[in-house]
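K.L.:
after the sequence you'll find the predicted model.
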Amino acid sequence: MPVIQLVVLVHAMTFEIRNIPMTVVDHDHSGYSQRLTHKFAANGFFIIKNFTSSTQEAKNDLMTNDAKIVLEIPPHFERDLIRNTKAQIQLRVNAIDGVAASLSNAYANSIITDFNQNIALEWMKVAKLTGGTRITIDESFWYNPELNYKIYMVPGLMVLLVTIIGMLLSGINLVREKEIGTMEQLNVTPIKKYQLLIGKMFPFLCIALFVMTIGLNIGYFAFHMPIMGSLFLLYAMAVVYLFVTLAFGLLVSTLVDTQQQAMFIAFFFMMIFIMMSGLFTSIESMPKWGQYLDRLNPVAYFVRIIRMILLKGSGFRDIQTEFWSLVVYGTTVFTIAIARYHKRA
């Protein structure tokens, strides 16, 4: 399961938009219009599916989803550009998917801006202007220099995998004993309630850590994910996080009578925790009430922890707020689970 999910989901769960189908309506058929069209074709984000001179044909491409974006170059585009130093073009973007539409529009505007700058430099003959003062800007991106979305998603998906094991499997653990009739045998054993619950948690803790180890190896060898921080610190934080999720799962199992009920309740909370964890969307982009509510989300804490340790090389001092939040969270949930579990012979 962890191998297949990591290999498949890392490639599928991406906000990078590529291979955007595009239709070009060229009414000018000039040298400059061809240069602009070639710039779109060579960019790598767009695939020009259709060249046409018909506006209606381009609209049909949008209607049938054969094109997500239409570039229309009007007549006399080159003439207006040379004579008036300005010309108009039109972009029509399919905005059913708002995120994809905004990214496609941003990519297209970047290409057009670059095309415009190249023409301006040609006309100014910058090569001859050797005496002027110039400002050169060199860009560098920290922690993910190549802006590789895969190494951003791998740590998050590892959190997803260990959460499923911790919360879902532990949630059906105790209630399964009730269904098969072995709970009474456990209740007559001379161990305390907290010892019984810890014993129930320990196997799933080991399984989850093993799955995380597999994920780390896949991320490092298959996706070249950097491991900048301490692995010891990462595993220590994982143990604390798993204590929270396992305790939450056990709490669910003390509240229900069947495995089906436990799975539904655990899945309900798990979906909310994962979708609001910052795994797919930024927490800072959520409304204020969502950000405040996220303080009760243990998954959000561990997503931040694992990305900070692996990608930034953060130490304990940098993640101590998340650590103590998880400690308090786990202790509270485990205490409630112990109180809810009634050990009767």
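P.N.:
Structure received. Residues are numbered from 1 along each chain as shown.

K.L.:
drop to CA atoms for contacts and neighbour counts, all remaining ones
P.N.:
Will do.

K.L.:
for Gln320, see how far away Met228 is.
P.N.:
18 Å (Cα to Cα, to the nearest Å).

K.L.:
give me the more crowded residue out of those two.
P.N.:
Higher neighbour count among Met228 and Gln320: Met228, with 15 against 12, using other Cα atoms under 10 Å.

K.L.:
so what does that one look like in phi/psi?
P.N.:
Backbone geometry at Met228, expressed as degrees, to the nearest 10, gives phi -90, psi -30.

K.L.:
go on, Ile20?
P.N.:
The phi/psi pair for Ile20 (degrees, to the nearest 10) is phi -80, psi 120.

K.L.:
nearest residue to it in space, ignoring adjacent ones along the chain?
P.N.:
Leaving aside its chain neighbours, Ile20 sits nearest to Phe46 (4.5 Å; criterion: Cα to Cα, 6 or more residues apart in numbering).

K.L.:
what sits against that neighbour?
P.N.:
Neighbour list for Phe46: 18-22, 40 [criterion: Cα atoms under 8 Å, 6 or more residues apart in numbering].

K.L.:
what's the first helix or strand after the longest helix along the chain?
P.N.:
Longest helix of the chain, by residue count under DSSP state H: helix 193-222. Using DSSP states H and E, the helix or strand that follows helix 193-222 towards the C-terminus is helix 231-255.

K.L.:
the next helix or strand after that following helix to helix 231-255, inter-axis angle?
P.N.:
Later in the chain than helix 231-255, the nearest helix or strand by DSSP H and E is helix 259-275. Between the axes of helix 259-275 and helix 231-255, defined by axes from the mean of the first three to the mean of the last three Cα atoms, to 10 degrees, the angle is 140 degrees.

K.L.:
same for helix 259-275, what does it pack against?
P.N.:
Applying 3 or more Cα pairs under 8 Å, 6 or more residues apart in numbering; DSSP states H and E, we find helix 259-275 packed against helix 170-171, helix 173-180, helix 231-255, helix 298-307.

K.L.:
neighbouring contacts of it?
P.N.:
160, 163-164, 167-168, 171-172, 175-176, 179, 249, 252-253, 256, 297-300.

K.L.:
centre of the chain to the following helix or strand past it, how far?
P.N.:
Per DSSP H and E, the first helix or strand lying C-terminal to helix 259-275 is helix 288-293. Chain-centre distance of helix 288-293: 19 Å, with Cα atoms, centre = their mean, to the nearest Å.

K.L.:
can you list the buried residues in helix 288-293?
P.N.:
Neighbour-count burial for helix 288-293, counted by 16 or more other Cα atoms under 10 Å, picks out Gln291.

K.L.:
ok, and what's touching it?
P.N.:
The contact list for helix 288-293 (Cα under 8 Å, 6+ apart) reads 283-284.

K.L.:
check which helices and strands the helix or strand hosting His38 is in contact with.
P.N.:
For His38, the element it lies in under DSSP H and E is helix 31-41. Counting contacts by 3+ Cα pairs under 8 Å, 6+ apart, helix 31-41 packs against strand 46-52, helix 77-84, helix 98-124.

K.L.:
if we can go back for a sec, who does the longest helix of the chain touch, helix- and strand-wise?
P.N.:
Where contact means 3+ Cα pairs under 8 Å, 6+ apart, helix 193-222 is packed against helix 2-12, helix 149-163, helix 170-171, helix 231-255, helix 316-340.

K.L.:
for the ones you listed, which one ends up most surrounded?
P.N.:
helix 170-171 (a mean of 30; mean count of other Cα atoms under 10 Å).

K.L.:
chain center to that helix, what's the gap?
P.N.:
Per Cα atoms, centre = their mean, the centroid offset for helix 170-171 relative to its chain is 26 Å.

K.L.:
what's in contact with it?
P.N.:
By Cα under 8 Å, 6+ apart, helix 170-171 touches 200-201, 204, 246, 248-253, 262-263, 266.

K.L.:
output stretch 275-285 as CSV, restricted to C-alpha atoms.
P.N.:
Provided in CSV are the C-alpha atoms of stretch 275-285 (Å, rounded to 0.1, in the frame of the first residue of the first chain):
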residue,chain,number,x,y,z
MET,A,275,-8.3,18.4,4.0
MET,A,276,-7.6,21.2,6.5
SER,A,277,-4.0,20.1,7.3
GLY,A,278,-2.2,22.2,4.7
LEU,A,279,-1.4,19.0,2.7
PHE,A,280,-3.1,20.2,-0.4
THR,A,281,-3.9,23.9,0.2
SER,A,282,-2.1,26.5,2.3
ILE,A,283,-3.5,27.1,5.8
GLU,A,284,-2.8,30.8,5.5
SER,A,285,-5.3,30.9,2.5
